[in-house]
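Peer 1: here you go, sequence then predicted model.
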Amino acid sequence: NLASNLTFIRPGVREDVVFLIREFVTIIESFFRGQLLICVCMGVLYAVGFTAIGLRFGLVIGLALGIMNIVPYLGTILGLAITIPLAFFQPEGGWQLVGLLLLVKVVVQCAEGWFLTPKIMGQQTGLHPAVIIFAVFFWGTAFNGVLGMLLAIPLTAFFVTAWRLARRKYFEAERAADAKHAGASPD
């Protein structure tokens, strides 16, 4: 039991700390489930796109690159390093196939950035898609890059949870006290 390990904290504060820790763990679990779902969707989109343009081993490479996107930018960097030479040097390849390959990459990245991540992460974490887009930009800037973008959704969800706790515990308690006080005074 988590609360029994935090006996050095006052009981009222301990309840809040346990609540926040449990919420944060739930958010992290939801985040990784969402991230895996996004990676699978990207893998399917890459596989369909690569196969449609005629890239050799497009199905396997597309699925593998999608799964590698669990680590931000790994799928993109390795994807470009593997697929561009393959598209250029395969027998029916060349600059046209490289161009089509880059088009598939751009379309899938746009679909991921503007639809998949906001929609899936919004459902998983309970955050509005616009908040997720803003959070990625904000935390990416705050932490100077990839680390901030990776932590954006869990950090934002945690702060939203902390805000909800504070609002429920302190602001609603204040309103209830004000309403009780207003009811007791003669009008």
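Peer 2: Cool, got the structure.
Peer 1: switch to C-alpha atoms for all contacts and neighbour counts from now on
Peer 2: OK.
Peer 1: give the contact list for residue 47.
Peer 2: 58-63 (Cα atoms under 8 Å, 6 or more residues apart in numbering).
Peer 1: what's the single longest helix in the protein?
Peer 2: Counting by DSSP state H, the longest helix found in the chain is helix 11-53.
Peer 1: follow-up on the earlier one: of the contacts of residue 47, which belong to helices?
Peer 2: Cross-referencing these against helices under DSSP H gives 58-63.
Peer 1: what number of residues are in the vicinity of residue 20?
Peer 2: Residues lying near residue 20 (other Cα atoms under 10 Å) number 17.
Peer 1: residue 6: how many residues sit nearby?
Peer 2: For residue 6, using other Cα under 10 Å, the count is 15.
Peer 1: over to the one 5 residues further on?
Peer 2: As a burial measure, residue 11 scores 12 neighbours (other Cα under 10 Å).
Peer 1: residue contacts, it?
Peer 2: No contacts exist for residue 11 under Cα under 8 Å, 6+ apart.
Peer 1: returning to what we had before: how far does the longest helix of the chain sit from the chain's center?
Peer 2: What separates the centre of helix 11-53 from the centre of its chain is 6 Å, taken as Cα atoms, centre = their mean, to the nearest Å.
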